[in-house]
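# build me a model:
(one chain, ligands or ions: 2)
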Amino acid sequence: MGLEMRKSCEACEINISIETNAYICTHECTFCETCTENMNYICPNCGGELVRRPKPSGTCPITSK
Ligand SMILES: [Zn+2]
Ligand SMILES: [Zn+2]
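Residues are numbered from 1 along each chain as shown. Ligands and ions are numbered 1, 2, ... in the order given. Modelled structure (predicted):
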């Protein structure tokens, strides 16, 4: 298991780079910031809350083994 980093918005299919702000729900539906605001931060697929996707960083010394 792992967080799949989708590279496009599921609503408008705009390209979402790693540097772009993107929003995901708990089921990892991925949307761009504009669509997320238009949808009032609610995932249209599952009705879940959309939260900002964390940007990938370096290896965490605590969680990595
Ligand atoms: Zn979009
Ligand atoms: Zn969803």
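# stretch 24-35 close to ligand 2?
Yes. Interface with ligand 2: stretch 24-35 contributes Cys25, His27, Cys29 (CB under 5 Å from the ion). (C-beta placed from N, C-alpha, C; glycine too.)
# residue contacts, Phe23?
Just to correct that, residue 23 is Tyr rather than Phe. Contacts for Tyr23 were tallied using CB atoms under 8 Å, 6 or more residues apart in numbering; they are Thr30, Phe31, Cys32, Glu33, Thr36, Tyr41, Leu50, Val51, Arg52, Arg53.
# what about the helix or strand that contains it, near ligand 1?
Here Tyr23, judged by DSSP states H and E, is contained in strand 22-24. No. Judged by CB under 5 Å from the ion, strand 22-24 stays clear of ligand 1, getting no closer than 9.0 Å.
# name every strand pairing with the next helix or strand after that strand and say which way it goes.
Remark: after strand 22-24, the chain's next helix or strand is strand 30-32, criterion DSSP H and E. Next to strand 30-32 in the sheet, as set by DSSP bridges, lie strand 22-24 (antiparallel).
# just how off-centre is the partner strand within its chain?
3 Å (CA atoms, centre = their mean, to the nearest Å).
# and it, what's its mean pLDDT?
Strand 22-24 shows a mean pLDDT of 95.
# swap in stretch 47-56?
90.
# picking that back up, which of the contacts of Tyr23 are buried? Put it as a PyMOL command.
Entered in PyMOL, the line below selects the buried ones among the contacts of Tyr23, by 16 or more other CB atoms under 10 Å:
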select buried, resi 30+31+32+33+36+50+53
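# which of the contacts of Tyr23 lies closest to ligand 1?
Set against ligand 1, the nearest of the contacts of Tyr23 by CB to the ion is Cys32 (3.5 Å).
# all set now, cheers.
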